[in-house]
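Engineer: kindly generate the corresponding structure for this input.
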Amino acid sequence: MTGAQLALRFLLELASLVALAVGGYGAWSDGPVALRVLLALVLPALAIVLWARYAAPRRKVREPVALWYGVQLLVWGGSVVLLAIGGHPWWALGLGVVMVANTVVLRALGEWSPAVER
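Structural biologist: Here you go, the predicted model:
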């Protein structure tokens, strides 16, 4: 079961990038298209950099632990909020529920903490 939950977590990480792009584009519905496209590109790119540096299993920065939690909350929470603001509240709700459920299961299995090394 752990392997399936970790695979789901990876898919949720990818889904959060898509949600950041879709939400970033849709959050400013009456804004200039060029800026909306820029948001749709920059937000996932920024999330990738932050995740790789502070939240990924093979991350470079291991301390402080609060940073690990904070980046995950920022990226996942931001993707859900932006998706809702961008006009997709039901997708945001579904994504958020699956993210929370997956995190709870992985935490119960001992696979979700900053101490987990890969």
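Engineer: what ranges does the chain have for its helices?
Structural biologist: 2-26, 33-54, 65-85, 89-108 (DSSP state H).
Engineer: now do the contacts for the residue nearest the centre of the chain.
Structural biologist: With distances taken as Cα atoms, centre = their mean, the residue of the chain nearest its centroid is residue 76 (3.1 Å). Contact partners of residue 76, counting by Cβ atoms under 8 Å, 6 or more residues apart in numbering, are 12, 16, 99. All C-beta atoms are positioned from the backbone trio N, CA, C, and that covers glycine.
Engineer: what does residue 53 give?
Structural biologist: Counting by Cβ under 8 Å, 6+ apart, residue 53 makes contact with 59, 60, 61.
Engineer: let's see 6 Å
Structural biologist: Each residue near residue 53 by Cβ atoms under 6 Å, 6 or more residues apart in numbering is listed here: 60, 61.
Engineer: how close does it get to residue 78?
Structural biologist: From residue 53 across to residue 78, the span is 16 Å (Cβ to Cβ, to the nearest Å).
Engineer: just residue 41 next, same as before
Structural biologist: Where residue 78 is concerned, residue 41 sits at a distance of 15 Å (Cβ to Cβ).
Engineer: send me stretch 17-25 as CSV with only the CA atoms.
Structural biologist: C-alpha atoms of stretch 17-25 as CSV (Å, rounded to 0.1, in the frame of the first residue of the first chain):
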residue,chain,number,x,y,z
LEU,A,17,1.6,22.1,-11.0
VAL,A,18,-1.2,21.9,-13.5
ALA,A,19,-3.6,23.5,-10.9
LEU,A,20,-1.1,26.3,-10.4
ALA,A,21,-1.0,27.0,-14.1
VAL,A,22,-4.8,26.7,-14.6
GLY,A,23,-5.5,28.7,-11.5
GLY,A,24,-2.9,31.3,-12.3
TYR,A,25,-4.3,31.9,-15.7
